[in-house]
Structure formats: C-alpha cells, structure tokens
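Enquirer: pasted the sequence and its predicted model underneath.
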Amino acid sequence: MKKLSVIVAMLLTGAVFAQTQATDSTKAVVEPIKGTWDLNLDLASRYIWRGQSWGGNYPVAQIYGTYNVTDRFSVGFWGTHNFKKEYFDENGTTKGYRELDLILNYTVSDFLTVSLQQYYWPSTDRQEGTSNKFFDWGNSSSNTLDLILMFDFSEHGLPLWFTSSTFLAGNDFKYKDEFDEKGKQNYTTYMEVGYNYEAPFGINIAPVVGVVWNNKAQYYNAGDYDKPSFVNLGCKLSKEVKLSESIVMPIWLSYTYNATDARENLGFLNHQFLVAGVTFSLSK
C-alpha cells in the first residue's frame, strides 16, 4: 500500500500547473457544435483499455468519429481490430480482437457530459458458449451498455477531469456459486481522474488514476475481484502535428501500470504496458 501511495502521489504532483484538458480512456468527446463532425484513425502498437490488454501484444487500427446533431447532442462510433483470426493463442490468452462501439453524448453544462456507450466485441472465431449476436444482452453475450458521467473543469480554469462509468446491461453478471447459472447484473463501476499539463515544445502530459470499485462480475479480469482495484495508473505524452487547416496528426506514447494485488489475474499479460501510436484526425 505504501508503494501504491507513492505512485499515486507522483501521478498527481503538478496538477496545479496544468493548463489544458482532454479525456483519455473514455472514447473521445469534443465540444459540441451543431453540424460539425470529426473522423479519426489511430495506429497503435497494441490495445490497452482501463488497464486491461485486449488482443495481446499486436498492433491495432482504431477508427472513431463524432457528429454533432445539435449544440448539446452528438452521436459517434469507435472501432478497433488487430487483424488476427484466432481468438486465443497457445497460452490461452486473447489473440484476435475486434470491437465496435456506438456512442450517444449529451452535454448538460460546460463541465458535464452524459454518455451512453454500447461495447460490442464479437469473437474473431466461433467460441462455444459465447453469443456474437448484436442484440443479445445476456450473460453469454458480447455486449455491454455503459453509462458514463464525464466532468471537465477546464472551462473554469481547472485542468482536471473525472469520469464515472457504470455498466447497465450486457455481459456483466455475478454469480452466487458454481450452481448459479442465471446470475445477476453486477453494475460494475469504474472511476477515473486525470489532468493535462502543457509542457514545453508543445508536448502534452496527461497522468491518470483509474479504479474499479465492485468487480464481482470479473469483467475487469486483470483486476481484484473482491475489493477496489487500481487497474489503471498511467501517463500519456502526446504532441500534435498540424498537416493542414483541417488535418492534424498527434503522436503519442502511453504508459499503464495495473496495480492489482491479484497478480495471478494478470496471467501472461503482466502488469505494465507501454503503447506508442499516431493519430490522423480530420474535422469540419
């Protein structure tokens, strides 16, 4: 616990010096302006989400975008693929991975956005006992419905952001024992806080601390199952390169440390991840 406290303190040190803000682990949300849109493509060395490695140590392509229907309401999507056909490797860890998310955002105020996101991750090959149906929300499905509250205080001179995520439906079931086949919705909740610091040479530094509070459904399989788990301690460095008036190309490097006590749950994935990537962004 002493070691964990030191890590958290290091991540939070310097928050008062931060000058700009942007979200990280939740799917990107831009300031809504009616009729505008953005389209983005990430090329990354691997896919890490909230301290979890999906698809092993393989490069991924991720495409996502947003359309602002009104000044407050926007729709979007997010997808990833590592182009591997086999779902598991010889060690039994995930190899092939693909995901498509549908996103609805509503801006309540200049510091609060409510987001409803559907995560759909069908297996890359047929897996017994797993349903890949798009409208299946049962305990063997490949769907999750996530309600996210996103607080961004940068408009108020405080470059701090906070998100709270709770699963409302889908494959997020807890079971009484091995004889309980039906299970019960767990409403797994994840919270995250972070800030951005604009360093010299146009480099943005974004530390983050993320914790799972109730992981009894074992949705975060690389976390503790019976107590709060700091699955996502990390920092992201990025620099934006402007190619034209409408196209920018951020390059970035992200470090993630999964501080779960149950190291056996990390398996072959270990507990530290370093991801490099480049983003191509087009907006109008």
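Expert: In hand now; what should we look at?
Enquirer: before we move on, which element is the most far-flung residue of the chain relative to its centre in?
Expert: Within the chain, the residue lying farthest from the chain centre (CA atoms, centre = their mean) is Phe179, at 32.8 Å. Using DSSP states H and E, Phe179 falls within no helix or strand.
Enquirer: next, it: phi, psi?
Expert: Phe179 adopts backbone torsions of phi -90, psi -10, taken as degrees, to the nearest 10.
Enquirer: likewise for the one 3 residues further on?
Expert: Listed backbone geometry of Lys182 is phi -80, psi -50, with angles given as degrees, to the nearest 10.
Enquirer: and the residue nearest to Ser238 when sequence neighbours are not counted, what's its pLDDT?
Expert: Excluding its sequence neighbours, the residue lying closest to Ser238 (CB to CB, 6 or more residues apart in numbering) is Trp252, at 3.8 Å. Every residue, glycine included, has its C-beta placed from N, CA and C. Model confidence at Trp252, given as pLDDT, is 96.
Enquirer: please save the CA atoms from the top strand by length along the chain in PDB.
Expert: In the chain, with assignment by DSSP state E, the single longest strand is strand 229-242. C-alpha atoms of strand 229-242 as PDB (Å, rounded to 0.1, in the frame of the first residue of the first chain):
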ATOM      1  CA  SER A 229      -8.700  -2.400  -7.600                       C
ATOM      2  CA  PHE A 230      -6.400   0.300  -9.000                       C
ATOM      3  CA  VAL A 231      -6.200  -1.200 -12.500                       C
ATOM      4  CA  ASN A 232      -5.200   1.900 -14.400                       C
ATOM      5  CA  LEU A 233      -2.300   4.100 -13.200                       C
ATOM      6  CA  GLY A 234      -0.600   5.800 -16.100                       C
ATOM      7  CA  CYS A 235       0.600   8.700 -18.100                       C
ATOM      8  CA  LYS A 236       0.300   9.700 -21.700                       C
ATOM      9  CA  LEU A 237       2.600  12.000 -23.600                       C
ATOM     10  CA  SER A 238       1.400  13.500 -26.900                       C
ATOM     11  CA  LYS A 239       2.400  16.100 -29.400                       C
ATOM     12  CA  GLU A 240       0.100  17.400 -32.100                       C
ATOM     13  CA  VAL A 241       1.500  17.900 -35.700                       C
ATOM     14  CA  LYS A 242      -0.700  20.100 -37.900                       C
END
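Enquirer: list the helices and strands it packs on?
Expert: helix 2-12, strand 203-212, strand 247-257 (3 or more CB pairs under 8 Å, 6 or more residues apart in numbering; DSSP states H and E).
Enquirer: give me the mean pLDDT for the shortest one.
Expert: When pLDDT is averaged along strand 203-212, the result is 96.
Enquirer: any idea of the angle it forms with strand 247-257?
Expert: 50 degrees (axes from the mean of the first three to the mean of the last three CA atoms, to 10 degrees).
Enquirer: rewinding a little: note down every partner strand of the longest strand of the chain and its orientation.
Expert: strand 203-212 (antiparallel), strand 247-257 (antiparallel) (DSSP bridges).
Enquirer: could you list the buried residues of the shortest one?
Expert: Spelled out, it's strand 203-212. Buried residues in strand 203-212, counted by 16 or more other CB atoms under 10 Å: 204-212.
Enquirer: export these to JSON lines and append columns for distance to Phe173.
Expert: Formatted as JSON lines, these follow (distance: CB to CB, whole Å):
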{"residue": "Asn204", "distance to Phe173": "39"}
{"residue": "Ile205", "distance to Phe173": "38"}
{"residue": "Ala206", "distance to Phe173": "33"}
{"residue": "Pro207", "distance to Phe173": "33"}
{"residue": "Val208", "distance to Phe173": "28"}
{"residue": "Val209", "distance to Phe173": "27"}
{"residue": "Gly210", "distance to Phe173": "22"}
{"residue": "Val211", "distance to Phe173": "21"}
{"residue": "Val212", "distance to Phe173": "16"}
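Enquirer: and the next helix or strand past the helix or strand where Gly194 lies?
Expert: For Gly194, the element it lies in under DSSP H and E is strand 189-195. With elements assigned by DSSP H and E, the helix or strand that comes after strand 189-195 is strand 197-199.
Enquirer: show me what that next one is packed against.
Expert: Counting by 3+ CB pairs under 8 Å, 6+ apart, the packing neighbours recorded for strand 197-199 are strand 203-212.
Enquirer: one more pass at 10 Å, please.
Expert: On a contact count with 3 or more CB pairs under 10 Å, 6 or more residues apart in numbering; DSSP states H and E, strand 197-199 meets strand 203-212, strand 229-242.
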